[in-house]
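Q: I would like the atomic coordinates for the input below:
(one chain, ligands or ions: 1)
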Amino acid sequence: MESFKWKSASYYLGKITKINTKHRKKLTNKSSSNINIQKERKEFPIQTPIDLEVPDRENIKISRIIRDTQLSWKVKELNDFKCQICGYVIYLQGKNKYCEVHHIKPLGQPHNGYDVIENMICVCPNHHAMLDYGAIKIIFEKLIMKRGHKISKEFIDYHNKDIFKA
Ligand SMILES: [Zn+2]
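A: Sure thing, here's the model as predicted:
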């Protein structure tokens, strides 16, 4: 086994200086490339996001009502995916269509509506939002009705009185 021998102080100093010079050269190259990026940015400005910090995660407890999806699918099929208010049908790729189902008397607090077909209406996304926010009144007589899907007037009255607040 070879025994370790310390070299002279000047030897170590020389090594350190070499490393420092190398490192400094690297830094200089880096900063010059940064300048190039800055130049490019002037030509093609990149929008810097205002919020660069990663938002904190928050644990949220969600309680949600499990809806009878089979029932809402039935409502969609019975109405041929057509909005019962405006008659609009959204056609997707292939033969697929899109529509939404709204619970006229909403499920859950404070309305406690029922998940039954008589409380469901097939609507386009626009009318769904309008109904959710009580922006429109439902006129029973003007609804596009299909055989097999009876909407209860009781729930429509509830919407007009308690959600639309006429
Ligand atoms: Zn509609």
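Q: how close does Lys146 get to Asp80?
A: 7 Å (C-beta to C-beta, to the nearest Å). All C-beta atoms are positioned from the backbone trio N, CA, C, and that covers glycine.
Q: which element follows the helix or strand of the chain with the lowest mean pLDDT toward the C-terminus?
A: Of all helical and strand segments in the chain, the minimum by mean pLDDT, DSSP states H and E falls on helix 9-43, at a mean of 60. The helix or strand immediately downstream of helix 9-43 is helix 69-78, counting by DSSP states H and E.
Q: sort out which residues of that next one are buried, please.
A: Ser72, Lys74, Val75, Lys76, Leu78 (16 or more other C-beta atoms under 10 Å).
Q: which bits of the chain sit near the ion?
A: Residues of the chain found near the ion (C-beta under 5 Å from the ion) are Cys83, Ile85, Cys86, Tyr88, Cys124, His127.
Q: in ChimeraX, select just the buried ones from those residues.
A: In ChimeraX syntax, the buried subset of the residues of the chain next to the ion is picked out as below (16+ other C-beta under 10 Å):
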select :83,85,124,127
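Q: filter the residues of the chain next to the ion down to the ones in helices?
A: If you go by DSSP state H, those have His127 in helices.
Q: pLDDT added to the residues of the chain next to the ion, as a markdown table?
A: Output for these, formatted as a markdown table (pLDDT from 0 to 100):
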| residue | pLDDT |
| --- | --- |
| Cys83 | 98 |
| Ile85 | 98 |
| Cys86 | 98 |
| Tyr88 | 97 |
| Cys124 | 98 |
| His127 | 98 |
